[in-house]
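**Student:** whatever this is, show me its structure:
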Amino acid sequence: MEELIELHNPEFSEKDIKWIKFFAEHEKAPLKPVFNLKGFIFSWFYLLYKKAYIESFAIIIVSLLIIQAAFIAHSFLLLGLGVILPNLAVGFYFYFMFANKMLRDIENCGKPIDKECLKSKGGTNIYAPIFGIIIVVLLFWPIIYAKISKHDITTDQNKYINKVEKALK
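**Tutor:** Numbering: from 1, shown residues only. Sure thing, here's the model as predicted:
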């Protein structure tokens with residue numbers, strides 16, 4: 001951390017100085033969760049935009065596991081949790097996740113810290129969330145197409161299970 005503060009020179013922008021002060025203040029004190037509205041609304045897409053790829057991937061995996069458990073347990077409560085949990089996690093812990101990303105980037109840039117390396121790892125990437133949206137649309141395309149064209153996409157096994165469940169009720 002001392003090396004990062006030593007990098008403070010006239011070439012740094014105000015944003016660089018803000019982050020140096022942020023890390024200097026929070027080096028010993030734990031980070032407190034602060035609500036981030038953009039992170040809450042856009043969830044893992046916002047993490048992708050901020051180049052926090054590992055954190056975004058972790059949020060996606062946890063969310064998909066909860067949603068899968070909801071489908072297995074036929075639980076709308078778990079389904080709602082799987083949908084809202086990533087938004088809450090990113091909304092409340094965005095700064096913590098972003099600080100982890102920044103510290104990881106600092107470690108990856110070596111000693112002494114290469115300013116150009118640090119600048120290349122920071123910033124935003126508009127193409128990552130666009131790619132994420134394309135992946136989501138491709139994953140849900142069979143369902144979207146079935147709804148648009150009014151086709152029945154349930155399998156014979158699902159139809160049988162639905163009949164059995166109706167008979168048991």
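
**Student:** pLDDT below threshold where in this structure?
**Tutor:** Across the chain, residues meeting the criterion (pLDDT under 70) sit at 1-33, 113, 153-161, 169.

**Student:** pull out the buried positions in the single longest helix found in it.
**Tutor:** In the chain, taking DSSP state H as the definition, the longest helix is helix 76-108. Buried positions in helix 76-108, judged by neighbour count with 16 or more other CB atoms under 10 Å: 78-79, 81-82, 85-87, 89-99, 101-102, 105-106. Every C-beta, even on glycine, is put in place using the N, C-alpha and C of the backbone.

**Student:** now for it, which elements pack on it?
**Tutor:** helix 14-25, helix 37-42, helix 44-49, helix 53-73, helix 115-121 (3 or more CB pairs under 8 Å, 6 or more residues apart in numbering; DSSP states H and E).

**Student:** right, and the helix or strand after the last one?
**Tutor:** Which is helix 115-121. Using DSSP states H and E, the helix or strand that follows helix 115-121 in sequence is helix 127-149.

**Student:** that following helix: how far from the chain's middle?
**Tutor:** Mean C-alpha position of helix 127-149 versus that of the full chain (CA atoms, centre = their mean, to the nearest Å) differs by 18 Å.

**Student:** could you give the angle of it to helix 53-73?
**Tutor:** With axes from the mean of the first three to the mean of the last three CA atoms, to 10 degrees as the basis, helix 127-149 and helix 53-73 are set at 30 degrees to each other.

**Student:** buried set for helix 127-149?
**Tutor:** For helix 127-149, the neighbour count (16+ other CB under 10 Å) marks 128-129, 132 as buried.

**Student:** got a list of contacts for that helix?
**Tutor:** Applying CB atoms under 8 Å, 6 or more residues apart in numbering, the contact partners of helix 127-149 are 42, 44-46, 48-49, 51, 53, 56, 151-153.

**Student:** just the C-alphas of it, formatted as CSV.
**Tutor:** Extracted in CSV, the C-alpha atoms of helix 127-149 (Å, rounded to 0.1, in the frame of the first residue of the first chain):
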residue,chain,number,x,y,z
TYR,A,127,-18.5,-4.7,-24.4
ALA,A,128,-18.5,-7.1,-21.5
PRO,A,129,-22.1,-6.4,-20.4
ILE,A,130,-23.3,-6.4,-24.0
PHE,A,131,-21.7,-9.8,-24.4
GLY,A,132,-23.5,-10.9,-21.2
ILE,A,133,-26.8,-9.7,-22.6
ILE,A,134,-26.2,-11.7,-25.8
ILE,A,135,-25.4,-14.8,-23.8
VAL,A,136,-28.6,-14.5,-21.7
VAL,A,137,-30.7,-14.0,-24.8
LEU,A,138,-29.1,-17.0,-26.4
LEU,A,139,-29.7,-19.2,-23.3
PHE,A,140,-33.3,-18.2,-23.1
TRP,A,141,-33.9,-18.1,-26.9
PRO,A,142,-35.9,-21.4,-27.0
ILE,A,143,-38.3,-20.1,-24.4
ILE,A,144,-38.6,-16.7,-26.0
TYR,A,145,-39.2,-18.3,-29.4
ALA,A,146,-41.8,-20.7,-28.0
LYS,A,147,-43.7,-17.8,-26.4
ILE,A,148,-43.6,-15.7,-29.6
SER,A,149,-44.6,-18.5,-31.9
